[in-house]
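>>> Here is a sequence together with a model predicted from it:
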Amino acid sequence: MKGEAVILSRRSVLAGSGALVVNFSSLGRVAAQRGGDEQGGAAVPFRGNLSKFPFLDSWIRLNADGTIVVFTGKAELGQGIKTALLQIAAEELDAPFDQLTIVTADTARTPDEEYTAGSHSVQDSGTAIMHAAAQARQLLINEAATRTGLPAEELHTESAAVIAPDGRRLLYADLVSGQMLHVEAAAQSMLKDPRQLKIMQQAIPRVDIPAKVTGGEAYVQDLRPADMVHGRVVRPPSYGAKLLDVDSSSVETMPGVIKVVRDGSFIGVIASREFQAIEAMRALAAAARWQETATLPNGAALPDFLKAQPARDIVVLDARAASAAAAKSLSATYTRPYIAHGSIGPSCAVALYDGDAMTIWSHTQSVNPLRGAIAEMLGMPKDKVRCIHAEGAGCYGHNAADDAAADAALLARAVPGRPVRLQWMREQEHAWEPYGPAMAVKVEAGLDASGKVIDWDYTLWSNTHATRPGPAGSLIAARSLAAPFQQPAPRPIPMPEGGGDRNSIPLYQFPSARVMHHFIPAMPVRVSALRALGAHMNVFAIESFMDELAAAAGADPVQFRLQHLDDARARDVISAVAQRFGWSDTSRRKLPGRGRGFAFARYKNLAAYCAVACEMEVKRETGRARMVRAVAAVDAGQVVNPEGITNQIEGAILQSMSWTLFESVSFDERRITSIDWSTYPILRFSAVPDAIEVHIINQPGQPFLGCGEAGQGPAAAAIASGIADATGQRLRDLPLTRERIKTAIGI
Amino acid sequence: MKLNVNDRQHDLDVDPRTPLLYVLRDELKLNAAKFGCGLGQCGACTVLVDGEPVFSCVTPVSLLAERKVTTLEGLGTAAEPAPIQRAFIEVQAAQCGYCIPGMMMRAHALLQKQPQASDAEIQACLEPHLCRCGTHMRILRAIRLARSLMMAAQAGDRR
Amino acid sequence: MPGRSIARRFAISVGVVCLVLALGIGTFFFAAQAPSMDPIVPPPANSFASDLVQRGATLAAIGNCDVCHTAPGGREFAGGRALPTPFGTVYATNITPDTQSGIGTWSQAAFKRAMRSGVRRDGAYLYPAFPYDHFTLISDEDNAALYAFLMTRAAVRVTPPANELPFPLNMRPVVFGWNLLFLRTGPFRADTAHDETWNRGAYLVEGIGHCGACHTPRNFLTAEKSDRRLSGGESEGWTAYALNDASPAPVRWNAETFEHYLRFGFDQSHGTARGPMAEVANDLHAVPQQDIHAMAVYLAAQIGEAKPPSAKVEQQQAGQNRGKTSAANSADSQAAVSRAGGAPSSDEGAIIYLGACAGCHEGPRAMPFGGIDLALSSGVAGPTPTNLFNVVLYGLPAAEAVRVPVMPGFAAVMTDSQLVALARYLRAHFTDKEPWQDVEQSLRAARRSAQAAIVRSAPSVRLNPPGTAQRPQNEAQR
């Protein structure tokens, strides 16, 4: 390897306690040191709790039998990170992919990486693992150097072995010993030259798929510890309802019922068999009487409701500059309703209380915060509660997984020694999960005589997009107890990540721009983080409006965007899509009822770049809008697994299409009424487009950029613009239903 | 009661009203069929009864005394996957994967009855199934691949 | 001998009569044709006043024109849908303004004649599968509106398949005889014994609405039995229940429930429209409320006074109230009172009901999404189990992007004997009525009619009820 093994010599100078703290840049800025280039020795802060886990063996362990275990505090949600992180580790360690296994999110075993959210897994955990693996490899080389007496520079690695110039192979398994990796990471890592990557950038098949398609154990729902019993909870008919009484005596004598648990307004039942638990739950629900107090807003007038709420004004951006009067001014308002996660598998958890300690298997996105919340709820010390991630169905943010875990813990406490499997029902999942908040956006802009934007004023109204655990009061069960925990006051997520204001700052160059976020604390409808958070709405609004501005300027939508963008990677992604889609192909005859749309965004202005172009078809008589085809391009920095990226972007486009065309949570004055798939219809196969192409622009050596949420916003706007092109009518209120389309075109 | 699952006869002591899904998962420890809604709306629980796809979440076991139930586990294993399983692995047709087994069963049933099912017929047969992750394109691609694999296998058998 | 001479004279008389008849029929066959009306150049779309077109759209919705005149997957009003009759198949015509394959060359007078008398522009008789025996009641003004509506639709050039009728029925002049026997030409004349709303309802129901076309039994010549109007009929393998005193609904219909059902495709105490009625309700949803109200008033008058519900229904309703509408009722909670009791029954039908049906049909999900309490269902209380079998076999499919009730079908998983056991159990447990006759036969017919019985899903079936049953102000959330 070129370059010096700088780490150890400096450490040994500093009296070898391994106390040199190495800081991994969460954004992988240090990762730019490929091929041995040095970029100063400036320490970059650890991200989050990474600073608490600087030891290499928090991330990588090599066993004497040759197996290599990777540890991550992030969770596999179906986005393929188990595989991606293994690829990174295998690459930097120079070990065969099949020799590695991975342990994910477990409060007892993995670094506390807080939330698997915000598309940070490969960016943050992957970068940490990348450096830890590289440094571990370096330590192994140094150990081999010591043993062979050869200089480290003459040794290289291959297939989990250090190779000497004379061909001698020293296996990692033989080189590793005791506490060798229990050292803190150094300031710099010798990372692989991106031109020589063999495992990263490859479409390595996902390690979790074979079990999932052959009935192997793969999900929390598949766990069956010995003596397991089945639990169900009864939720009230509306938020905050108080349990007046429940005569559970007849339920307690039903076949198989072990216990009915009641604590305040929390009621649940435990039975030997699953169907017995379900029947007992139904009987318990019928026997319960509630006092309902919830007051929900008028679903037909949500934007008015939002704008009337008391709000905290957050100036997201104030880059106003005096400008000449605009030749043309435009303004528009965009809105979206509450949108559900709608996970295919209702939430589930298994909990076991042994009289002293509580263990919970959950598909939560955050084992550590959940552990804290449940410990607080149960009044137990944190170190007596262990939370282990087991996969669930796709969760897309903060859904009901944490609440199911809390429910399971409460029931488990009532039957010490017996694991309780707590399964939510479909209706409960739909009615009680936290939704993506309803939002409203108003945007105004001015164009100069040459058709360029000279000022931009953007205002958005939104609840918080984050009510995750945290505090016990974030759990429904905890709020229902006889001694209830209070729901914590909502707080905005600060930029540059943002919540409702995520992606509210356009990437475009405008001489004058202002972005205002009216943060609304009151949450009559339960809300939290749904994939992309505010980016879905903000990109939908910004990109729809850019299209409207382009039309007013008489410009082509793609050219108009390029005119306002300096960022070279953004321009590349836009041009790639335009070219692959055939955007400028004037020989293509425009078919009746068809239109095309284009949109672009850089997720959070920090993560992956994504552009989407689509062709839409609208049937006038029915107002039915269908996506015919879509072409997307994504720049996610250094590619780890191209199939993983493609899967995420395809999925984002289809999921966003479902949100954008079909979805809205429904409710009356008191209760949620969209409580199953018939009342909350989503995309089915009949609406799937003919083709989706995803083109990946690889940036070898560049930091990893999270792409799991990069497609939703651009897809939404491209669809809306495609409908506008097909019908001549711009729709601004999501969802873009048939009725709205028909009304707009005057049928 | 007796229940034939994947060509094995089981003697079960269960309430005859119990939906098949819970018997498969809890008594027989079979993982593939999933609880998605319990209402017959999403397809995640789909298994085959005498070769026909059914929602196991609304099928009381009392109906199945003389019938043959097939689950995904009955088609193949990780070591020896059936064509439909090989196809889904090869196409990487899963994100969270929760909805996939139900779709595989329905697709398998279609291809058994209509080995040359058209692309449109494949797409139409999946209408009862929901996928929330947006894996639809790959699922269709995987089933089309399974169709080729199964047709090639049949052609091979005939020689 | 005297007997033989009488027989001979009788035979001669019969022969003479037959000869006269043959000559008469022959004359009919060659002469029975109305005069042809000249083709016209189709008027441009903007020559029709928009409120006239709108009125026509409303009437076409009430008349459900798009359903018969659109083939599954085909262009709207371009015909091609197969209409099975006992004598063969008639294909609906193309009524778009296409000049070659549609009605683009029809003058308004020709259109009116078709509606009033069942005669094509070129003078040929239309088959009464086209219910002109009802449309004859439509007023001249409304015919003009319908004409305006149809002439402003998209013209589609497609010729429907030829009818499949055996000789001599494939000769249109035979319809002349049918008309002589059964057609009473309109237009509608108000009945002064009733008020304006009743008359408006009668005009719509008996005229453009042609409800009797399904809901009235027919004679062997496929004409509606005029003395048994609205006594119940069938359509495409579904029973169209009686809308008069013979209605089998456990809870008697009234104007309010009819109106709700027609507007939203379901009613709390009756169930959900499925089969061909789902398509009717789908179209009626956009019709002005006063028209629906008028139809409901008229139909309620046909049904007659409400009788007190049977003891069983009362008992079931009380139990239902406990389970469904108590304070525990919610869209999400899991309340269910199993009225068959907690102890497992040995009745095969009971076991099937409790394992497959009760979860939804005794659960608290609001109508129309949750299953109806079967004590209220006409499917269980009706004269035959046909509709029950249709729904149990084929379910209710999901529709794209709109809220409709979804029910799984059990055709693959239930054997015939299991379905029969279930049907018998439901009949016995939920009604006081006599057991059904010929249950196996009804089931066989339902299995055979697989394609016809399936409710058409998106895009044509859109029940689109509001978000909750009881609170219509949230309609905008649909």
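Good, I have the coordinates.

>>> only C-alpha atoms for contact and neighbour calcs from this point on.
Will do.

>>> How are the helices of the stretch 351-478 of chain C distributed by residue range?
In the stretch 351-478 of chain C, the segments counted as helices under DSSP state H, counting those that start in this stretch are C:358-361, C:378-381, C:386-394, C:416-430, C:439-448, C:450-453.

>>> The third one - contacts with which helices or strands?
In terms of contacts (3 or more Cα pairs under 8 Å, 6 or more residues apart in numbering or on different chains; DSSP states H and E), helix C:386-394 is packed against strand C:238-240, helix C:378-381, helix C:439-448, helix C:450-453.

>>> can you confirm residue A:535 is in a helix?
Yes: judged by DSSP: H, G, I helix; E, B strand; the rest coil, residue A:535 forms part of a helix.

>>> Touching, it and residue A:498? I think so.
No: between residue A:535 and residue A:498 there is no contact under Cα atoms under 8 Å: 9.0 Å.

>>> can you give me the mean pLDDT across stretch C:269-278?
Here stretch C:269-278 scores 87 as its mean pLDDT.

>>> Stretch A:239-253 now?
For stretch A:239-253, mean pLDDT rounds to 95.

>>> in it, what counts as buried?
For stretch A:239-253, a neighbour-count test (16 or more other Cα atoms under 10 Å in any protein chain shown) marks A:239, A:240, A:241, A:242, A:243, A:246, A:248, A:251, A:252 as buried.

>>> Between those, which sits nearest residue A:618?
Using Cα to Cα, residue A:239 comes nearest to residue A:618 of those, at 39.0 Å.

>>> Quick check: residues of chain B near chain C?
B:15-19, B:39-41, B:49, B:52-55, B:58-60, B:62-63, B:128 (Cα under 8 Å from any Cα of the partner chain).

>>> Filter these down to the ones in strands?
B:49, B:52, B:53, B:54, B:55 (DSSP state E).

>>> residue in chain B nearest to chain C?
residue B:17 (4.2 Å; Cα to the nearest Cα).

>>> which residues does that residue contact?
By Cα atoms under 8 Å, 6 or more residues apart in numbering or on different chains, residue B:17 lies in contact with B:60, B:61, B:62, C:351, C:352, C:354, C:355, C:356.

>>> farthest pair in the residues you listed?
Farthest pair in those, by Cα to Cα: B:61 and C:354, 11.4 Å.

>>> how much space is there between the residue nearest in space to the middle of chain B and chain A?
By Cα atoms, centre = their mean, chain B has its centre lying nearest to residue B:105, at 2.0 Å. With distances taken as Cα to the nearest Cα, to the nearest Å, residue B:105 is found 11 Å from chain A.

>>> residues touching residue A:408, list them.
A:231, A:349, A:350, A:351, A:360, A:420, A:421, A:422.

>>> Mutual contacts of residue A:535 and residue A:498, please.
Residues touching both residue A:535 and residue A:498 (Cα under 8 Å, 6+ apart): residue A:604.

>>> Determine the longest helix present in chain B.
helix B:136-158 (DSSP state H).

>>> Check chain C too.
Ranked by residue count and defined by DSSP H, the top helix of chain C is helix C:2-31.

>>> helices or strands up against that helix?
Using 3+ Cα pairs under 8 Å, 6+ apart, helix C:2-31 sits against helix C:174-182.

>>> for the helix it packs on, the distance to its chain's centre please.
Put simply, helix C:174-182 sits 24 Å off its chain's centre (Cα atoms, centre = their mean, to the nearest Å).

>>> do the same with stretch A:632-647
16 Å.

>>> cool, stretch A:428-443 as well?
For stretch A:428-443, the distance to the chain centre is 16 Å (Cα atoms, centre = their mean).

>>> Just the endpoints, please. Distance across it?
This stretch, stretch A:428-443, spans 37 Å end to end (Cα to Cα, to the nearest Å).

>>> near chain B at all, it?
No: Stretch A:428-443 lies out of reach of chain B by Cα under 8 Å from any Cα, never closer than 9.6 Å.

>>> That stretch near chain C anywhere?
Yes: using Cα under 8 Å from any Cα, stretch A:428-443 reaches chain C at A:428, A:430, A:431.

>>> Give me the neighbour count for the residue of the stretch 451-600 of chain A found nearest chain B.
Closest to chain B within the stretch 451-600 of chain A is residue A:531: 11.1 Å, counting by Cα to the nearest Cα. Neighbour count for residue A:531, taken as other Cα atoms under 10 Å in any protein chain shown: 25.
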